[in-house]
Each structure stands twice: as C-alpha cells, then as structure tokens.
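Starting from these lines, generate the structure:
(one chain, ligands or ions: 1)
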Amino acid sequence: MKSKAVIKRIGILTGGGDCPGLNAVIRAVVKTAIFQYGLEVVGFLEGYLGMIRNMTRPLEASDASGILHQGGTILSTSNRDNPFRFPVTVRGKKIFKDVSDQAIRNLQKNKVDALIAVGGDGSLTIAYQLFQKGVPLVGIPKTIDNDLWGTDVTFGFNTALQTAMEAIDKLQTTAASHHRAMVVEVMGRYAGWIALEAGLASGGDVILIPEIPYDIDKVCEVVKERHRYGKRSTIVVVAEGAIPQKGEVVVKKLVEDSTDPVRLGGVGYKVGNEIEKRTGVETRVTVLGHIQRGGSPSVFDRILATRFGPRAVDLVMKKRFGRMVCLRGLNIEDIPLKNVQGDQRKVLPNGDLVKTARSVGVSFGD
Ligand code: F6P
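Numbers count the residues shown, from 1 in each chain. Alright, predicted model coming up:
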C-alpha cells in the first residue's frame, strides 16, 4: 500500500482491552481531521477484526460530539483478532492464518490513505507489522496498565488508579472495624504500576508487585507486627502479576487466539489464604477486576487523550508514518513504533516511587 500524494481520508481503530479515554481520543482525532484538515474519517470496528472483515462506520463531526466523558469505545475493541495470526476453521480444524493482505485490501476498499491505530503493546505490535508491510500508519498508546515502553504515561491509567484508590479507601473501613487483613488484587499484567500508585495513594501497608518478588513469611510478619503494636488492620495491595520469591505468577486462564494468551489473576486469594492460615488474623480478599477499566475518564486522561489525537493527525498529514505519539515530561512527542516493540515499562525496584513508599513504612514483602 503506497502513501498517497494527498491524504484525503483516514481510518481509525481501537484495539486491545478498553480503557477510559478511548472515546476522548477518537473525538480528538475526528475533530482535528475534519476541522483542521478537511479530511474524511472512517472507523474500523472491533479493533483489527474490523479491518479483517471490513466492518466500518463513517465518523462525522457529530459522531465525535458528546462522547468525551464516556468510558469504553464507540468503535468497540478486541484483544484477540490478530491479522497475522487469525483463527480459521479448515475441514473442522482450527488453524491460524496470516490474513493481513485481506485486512490491507479492506483499507484500500475504503479508500483509506492512512490509519491511526490506538492500542496497547499487542495492538501496536500489529500496527508495526502492518507498517512494515507498507501501511501508512501512526500509533497512539493506551492502557490502564501503564506498561507501554516509550511514553511516560498512557491514558486510562490515571482513571484506573482513581477507581482502585477509591475501592481501597472503602475497604479501609471494614479492615479497621473488624480488625481484619484486607487483600485487594488489582490489574496491571506484568507491571506493578496500578498496585504501587493506588496503594501509595490509599495508604496500603503492604504492596506486592511483579518487579519485587515477595516472601510470604515477610508479608505475614508485617501483619503480626502490626497486631502486636495495636494496629489491628492491614491493607495488602497485590498486583495480579505479583510473584513469590519461590514460585510462579498465578495464571487465571489462557485465551488461545489473543495476541497475549495469558490472563493473570488469583494471586490475591493465594496471598489472603496464607495470611489467614499463618497469622490467625481474619482475612478477606477483593478482586477489583474489570471495574478498573470502566467509567468516565479522569481529567488527566481526558486531556492526555485530547492531546494525543491532534498530534497523531499532524503526523499523518506530515507523512511521518511508523511513529507513535507519546508523553515525555510535560510534552507530547513522537517516537518510532519500532522502539516500542518487545519492551515493557516496569516499576524500577530502586526507583523514587518505591523508595518513597518504603520511607512511609510500606512493605513490599521482600
Ligand atoms: O491490559 C489491560 C488488562 O485489563 C490487564 O490489566 C488485564 O490483565 C487484562 O487486560 C485482562 O484482559 P481481559 O479483558 O481479556 O480479561
């Protein structure tokens, strides 16, 4: 697919898990494309599935109205449906096929001169592969996990933090009233950002993150110690990807046709059961789950998404393809999509945030 001399029509899709701010970024892209550049915009539905099956909807300025505050995505999304590894049934047997040429043909059928792909690392890996096949394309990062390499923050993260913080605040009251240990499992995949920042913001006593493997004996020691000193409740915030020093990450299930088939979950119960068994302190476990992906985006996420959108359209108009917009410090910048591949943005075990948490008495169970 060759880049046209004049860009007249762009496509946009949202891929991967939904997160607050997706509608804000769609709005920003559509408004900039139409008002600043007089472009037409077509939305591909359900992430890359829309490209594979040619499921589209036109996006007019009116479609971008009234959606800034809405969670989810008006284009729908999917964290499966990889055009380079798409499941098809041949003679009753499921096999995986490369249908990327078909997906690219559908871009052409829709007269799309350039594509804006909004996604996390799975969707942006696919975006890079499409770019390598000649698709003129720009990426926009999103995810509640904040684990995308190359941007200081992704939109979705701040809202997820707010949700997790409010939930932990609410659990504090039961913890204190019943003198219990309350274990809260939060999302984040293999990065501990949600656990660390929501835990810090809500006064968590123990925070377990993938980047600092925990020792359950040390965790239980903290609970006992607090009881000895009259602090009879303990809040333990556990990232779904937390790993014991001697053991493995807890996998909830495998989603075969997903770009990343592993779904984490269950470590909260593992930790909670051990705490109750070893300390005798009554313990309850709450798994926040997909609540963290829902709801209206925070101020920060609305603004970040609104800043990413126009930058992506500007890159398209300058034909600076194969790039991803990002936040660096206070500025919106862009980097090659290539640089984002294969690396994840993780919490630094000796970084400032972890040090701050330790200063105020947080235990990482290490
Ligand atoms: O990447 C976002 C995320 O919510 C992760 O935090 C979580 O591990 C995963 O997606 C859950 O995926 P699914 O919606 O397929 O269960």
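
Sticking with the residue nearest to Lys97 when sequence neighbours are not counted, tell me its helix or strand.
The shortest distance from Lys97 to any non-neighbouring residue, by CB to CB, 6 or more residues apart in numbering, is to Val88 (5.0 Å). Bear in mind the C-beta positions are built from the backbone N, C-alpha and C, glycine included. For Val88, the host element (DSSP states H and E) is strand 86-90.

Following element in sequence after that strand, please.
Per DSSP H and E, the helix or strand that comes after strand 86-90 is strand 93-97.

I'd like to know which elements that next one is packed against.
Strand 93-97 sits against strand 86-90, with contacts defined as 3 or more CB pairs under 8 Å, 6 or more residues apart in numbering; DSSP states H and E.

buried residues in the strand holding Val88?
Of the residues in strand 86-90, Phe86 count as buried by neighbour count, 16 or more other CB atoms under 10 Å.

Tell me which strands it pairs with, and in which orientation.
Sheet pairing of strand 86-90 (DSSP bridges) gives strand 93-97 (antiparallel).

what is the rounded mean pLDDT of the partner strand?
Strand 93-97 shows a mean pLDDT of 92.

dump the residue contacts of the nearest residue to Gly122 once chain neighbours are set aside.
Distance criterion CB to CB, 6+ apart; nearest residue to Gly122, sequence neighbours excluded, is Thr259 at 3.5 Å. The contact partners of Thr259, taken as CB atoms under 8 Å, 6 or more residues apart in numbering, are 79-80, 82, 85, 122-123, 125-126.

Could you do Gly17 as well?
77, 79, 120, 143-144, 293.

one more time with 6 Å, if that's ok
Going by CB atoms under 6 Å, 6 or more residues apart in numbering, Gly17 touches Asn79.

isn't there a helix covering it?
No. Read with DSSP: H, G, I helix; E, B strand; the rest coil, Gly17 is coil and lies in no helix.

Offset the numbering so it begins at 262, please.
Yep, numbering from 262; the last one is Gly278 now.

how near is it to the ligand?
In this view, Gly278 and the ligand are 4 Å apart by CB to the nearest ligand atom, to the nearest Å.

For the stretch 412-561 of the chain, give the residue positioned nearest to the ligand.
As assessed by CB to the nearest ligand atom, the ligand sits closest to Met448 within the stretch 412-561 of the chain, at 3.2 Å.

wait, doesn't that residue sit right on Gln553?
Yes. Look at Met448 against Gln553 with CB atoms under 6 Å: they come within range, at 5.2 Å.

Close to the ligand: what parts of the stretch 412-561 of the chain are there?
Along the stretch 412-561 of the chain, the residues adjacent to the ligand under the rule CB under 6 Å from any ligand atom are 448-450, 501, 524-525, 554.

picking up where we left off before, may I have the phi/psi pair for the residue nearest to Gly383?
Main-chain torsions, Thr520, degrees, to the nearest 10: phi -60, psi -40.

got any ranges where this structure has weak pLDDT?
Applying pLDDT under 70 to the chain picks out residues 263-265.

can you give me the strands for the stretch 512-627 of the chain?
Using DSSP state E, counting those that start in this stretch, the strands of the stretch 512-627 of the chain run over residues 512-515, 523-525, 544-548, 584-589, 592-597.

What residues of the second one count as buried?
Neighbour counts over strand 523-525 (16+ other CB under 10 Å) mark Leu525 as buried.

again, but for stretch 489-496
Across stretch 489-496, burial judged by 16+ other CB under 10 Å covers 493-496.

Between the two ends of it, how far is it?
End-to-end span of stretch 489-496 (CA to CA, to the nearest Å): 16 Å.

Give me the contact list for it.
Outside stretch 489-496, the residues that touch it by CB under 6 Å, 6+ apart are 436-437, 440, 442-443, 465-466, 484, 487.

What are the phi and psi values at Leu457?
Listed backbone geometry of Leu457 is phi -70, psi -50, with angles given as degrees, to the nearest 10.

Please list all residues in contact with Leu398.
Shown in contact with Leu398 (CB under 6 Å, 6+ apart): 376, 388, 391-392, 582.

Dump the residues you listed to TSV, plus secondary structure.
Converted to TSV, these look like this (three-state DSSP):
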residue	secondary structure
Leu376	strand
Ala388	helix
Leu391	helix
Phe392	helix
Phe582	coil
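
Export the strands of the stretch 512-627 of the chain to CSV and append columns for distance to Arg366.
Shown next, in CSV, are these (distance: least, CB to CB, whole Å):
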stretch, distance to Arg366
strand 512-515, 31
strand 523-525, 32
strand 544-548, 43
strand 584-589, 24
strand 592-597, 26
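
so which of the ones you listed is the most packed in?
With neighbours taken as mean count of other CB atoms under 10 Å, the strands of the stretch 512-627 of the chain reach their highest mean count in strand 584-589, at a mean of 22.

what's the angle between that one and strand 592-597?
140 degrees (axes from the mean of the first three to the mean of the last three CA atoms, to 10 degrees).

Pull up the residues of the stretch 262-411 of the chain that are close to the ligand.
Contacts of the stretch 262-411 of the chain with the ligand, taken as CB under 6 Å from any ligand atom, map to 278, 340, 381, 404-406.

Looking at neighbours, which among those is most surrounded?
Counting neighbours by other CB atoms under 10 Å, the top entry in those is Ile405, with 32 neighbours.

Would you mind confirming that that residue makes contact with Gly417?
Yes. Using CB under 6 Å, Ile405 makes contact with Gly417 at a distance of 4.5 Å.

list residues touching both of these two?
Listed as contacting both Ile405 and Gly417 by CB under 6 Å, 6+ apart are Cys280.
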